[in-house]
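*Asks:* Output the structure for:
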Amino acid sequence: MKQLILNRFSKAQATYDANALAQREIASRLSELIFNSILTNYQCKSLLEIGCGTGLLTRILLSRFDFEKVRLNDISDAFAPFFSDLKEQYDYRFYAEDAEKADFSGTYDLIASSSVFQWFDDVPAFLEKIKKHLLPDGLFAFSTFGQENVKEVKALTGNGLVYFSQKEWIEMLSVHFEILKTEESLMEILLDSPKEVLKHLKQTGVNAFKHEKKIWTPTKMSWFDAAYRNLFSIGEQVTLTYHPLYFIVRLK
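*Replies:* Numbers count the residues shown, from 1 in each chain. Reported below is the predicted structural model:
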C-alpha cells in the first residue's frame, strides 16, 4: 500500500496544486487553529511537518512563525525540489521517507501535518513515536479525514479507505496527549461530471481505491456515470465530499 501511495503522489506532483481545492482550504483552516493555539509569548522556533507535499501548509506556517529549524517529510522525494530555497533561510532538512519508519531526530515546538494520517498503517504506534519528538510546551497539530470522506465514490464502488471517527481519534490521542482543540466539517466541491471526479482524485494523488488499478471498461464507466449523476447531482454538476477532522494537542 505504501508503494502505491508513493507512486500516486509522485505522479501527481505536477498537477496537485491546481487541483487540491479541498486540501488547500483544509491547510488554511489548520494553520488558523495552530496560530490561535500557540501560547502567548511562546517562541515557536522549530517545525517538523509530516507529509508536506507541495507545501500548502508549509508556506503558511513559514509566513506566520519565526522558525529557525525546519524539518520536512514526505514519502516521495519528488517534492523535495519545491523547498530548495529553504536551505538558505533555515537549519533545514528534508526526509524523503515513510513517516512511520523515519527516524526524526530531535524535538520540536510544532509538529504539524495536513491530510496525511488516513494513509498510515499503525496510528497508535505513530502517536507513541511522535510524543518523543514534541517539546513539553509544544503543539502537535494535524488534519485528517473522517468517515464521510469521498463517500460518493465509495457508495458506488464499495471500495475506499477505512477512516477513523472523531471519537476514535480522541481515544487514541488521549493516551499521550491533552486535546486542546478538535473540529470537523463537511466540504462539498462541485465538478462537471463523474469522469471529472475520477480525474480530480488522480491529479491530487487521492485515489479513492485501495488497489493500484480499477479497470474502467466502457460499460462500467457508463454505469458509474449514470449512477453518480442520479444520486449526487446539483444542477448540471456533481458533488464530491471531503470530511476533514482537525486536532490540536500537547503532551499531558
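
*Asks:* Give me the secondary structure label for residue 33.
*Replies:* At residue 33, secondary structure determined by DSSP: H, G, I helix; E, B strand; the rest coil is helix.

*Asks:* Isn't it up against residue 141?
*Replies:* Yes: if you go by Cβ atoms under 8 Å, residue 33 and residue 141 touch, sitting 6.7 Å apart. Placement of C-beta: from N, CA and C, glycine included.

*Asks:* So for these two, which residue has more residues nearby?
*Replies:* A side-by-side neighbour count of residue 33 and residue 141, using other Cβ atoms under 10 Å, places residue 141 first with 27 against 18.

*Asks:* helix, strand or coil for the more buried one?
*Replies:* Here residue 141 takes the strand state, with states given by three-state DSSP.

*Asks:* Who are the contact partners of it?
*Replies:* Neighbouring residues of residue 141 by Cβ atoms under 8 Å, 6 or more residues apart in numbering: 30, 33-34, 37, 110-113, 246-249.

*Asks:* in the stretch 101-250 of the chain, which segments are predicted with low confidence?
*Replies:* 205-214 (pLDDT under 70).

*Asks:* give me that answer again for 80
*Replies:* In the predicted model, the stretch 101-250 of the chain carries pLDDT under 80 at residues 160, 203-215.

*Asks:* Touching the helix or strand containing residue 228 from outside, list them.
*Replies:* Residue 228 is part of helix 218-232 when elements are defined by DSSP states H and E. With contacts defined as Cβ under 8 Å, 6+ apart, helix 218-232 is touched by 152, 155-157, 193-195, 197, 216, 238-239.

*Asks:* In terms of distance to residue 68, which of those ranks first?
*Replies:* Nearest to residue 68 among the contacts of helix 218-232, counting by Cβ to Cβ, is residue 197 at 42.6 Å.

*Asks:* hang on, the closest one in a strand?
*Replies:* No: per three-state DSSP, residue 197 lies outside any strand segment and is helix.

*Asks:* In this structure it contacts residue 240, no?
*Replies:* Yes: shown here, residue 197 and residue 240 form a contact pair, counting by Cβ under 8 Å, at 5.3 Å.

*Asks:* hey, what's in contact with both of the two?
*Replies:* 152-153, 191.

*Asks:* just to revisit the earlier point, residue 197 and residue 240: who's more crowded?
*Replies:* In this view residue 197 and residue 240 are compared by other Cβ under 10 Å, and residue 240 has more residues nearby, 26 against 23.
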